[in-house]
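Peer 1: Fold the stuff below for me.
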Amino acid sequence: MLLDAFGPDTNEMGLNGLARAAGLPKATVHRLAGELVATGFLERAGSNYSLGSHLFELGQRVPRRRLLREAALPYLEDVFVATRETVHLAVVDGLEVIYVERIAGHRAPGTPSAVAGRLPLHCTATGKALLANGPPELLDGVLAAGLKRRTPFTIVVPALLVEELAKVRTSGIAIEREETRNGFVSVAAPVFGRGGQVLAAISVTGPRQRLDPDVSAGVVRSAARGLTRVLVGTVVDR
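Peer 2: Presented below is the predicted three-dimensional model:
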């Protein structure tokens, strides 16, 4: 799909770039892009295209994600006030983690995340929290796809990842130390819904010289448990 050509770090693309990314002839992309601009799904500035505001409007209407974000915001704010570092709410999407909410202050530039951004499950704290408490077939899929190395600290040996996920299930806390980006650490805790199904994960991320995951684990765990109590009484099933 043409809209899928835009990634988290790709705000604008020209016609040639869209054609290459979509694998379509330039003439076809020109026609489709024109139709998407007319309907508000794309916006045009000069010769470049960007995602349109109508997509944002539609995204806000997705009831499951909207209810989850609205319920989570007070708890995310609690974590931010306690840590003053970047706080995330994330869910599983395919074999990746997708960030559905993010709270960041003035000290956040450089944090490797964004709302609607995606990162691998195996090397993020939120991803590990979701993997450890998710169905076995999710982990099977991640292992089958291969554990890609993002930094020298990324766990790429399946047995080591399985061992770490077992510890996450026991402790209720997932920690990532520079596995996604050099210099950044993160701690996350799972959020559950009815029947004990994992719905999301809350995390806090910051530079390793400022954020101690072991110190921040308590406030993250408390926020995740508080949100779980709310969601157990609310219909927000995945």
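Peer 1: Could you list the domains of this protein?
Peer 2: Using automatic domain parsing, the domain parsing of the chain gives 2-59, 63-232.
Peer 1: need the least confident one among those, by mean pLDDT.
Peer 2: Ranked by mean pLDDT, the domains of the chain bottom out at domain 2-59, with a mean of 72.
Peer 1: what kind of secondary structure is the residue of the chain positioned farthest from its centre in?
Peer 2: Residue farthest from the centre of the chain, counting by Cα atoms, centre = their mean, is Ala27 at 34.4 Å. The local conformation at Ala27, judged by DSSP: H, G, I helix; E, B strand; the rest coil, is helix.
Peer 1: Would you map the strands across this protein?
Peer 2: 13-14, 42-45, 48-51, 86-93, 96-103, 118-120, 174-177, 184-192, 198-207 (DSSP state E).
Peer 1: wait, which of those is closest to Ala144?
Peer 2: Proximity to Ala144, assessed across those by Cβ to Cβ, is greatest for strand 118-120 (13.6 Å). All C-beta atoms are positioned from the backbone trio N, CA, C, and that covers glycine.
Peer 1: so what secondary structure elements neighbour that closest one?
Peer 2: When contacts are defined as 3 or more Cβ pairs under 8 Å, 6 or more residues apart in numbering; DSSP states H and E, strand 118-120 packs onto strand 96-103.
Peer 1: returning to what we had before: any chance of the strands of the chain in TSV, with mean neighbour count and distance to Arg221 too?
Peer 2: Listed next are those as TSV, based on neighbours: other Cβ atoms under 10 Å; distance: least, Cβ to Cβ, whole Å:
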stretch	mean neighbour count	distance to Arg221
strand 13-14	18	41
strand 42-45	15	41
strand 48-51	18	35
strand 86-93	24	14
strand 96-103	20	18
strand 118-120	19	21
strand 174-177	23	11
strand 184-192	27	5
strand 198-207	26	9
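Peer 1: and of the ones you listed, who's closest to Ala224?
Peer 2: Across those, closest to Ala224 is strand 184-192 (Cβ to Cβ), at 3.7 Å.
Peer 1: partner strands of the closest one, parallel or antiparallel?
Peer 2: Strands that pair with strand 184-192, judged by DSSP bridges, come out as strand 174-177 (antiparallel), strand 198-207 (antiparallel).
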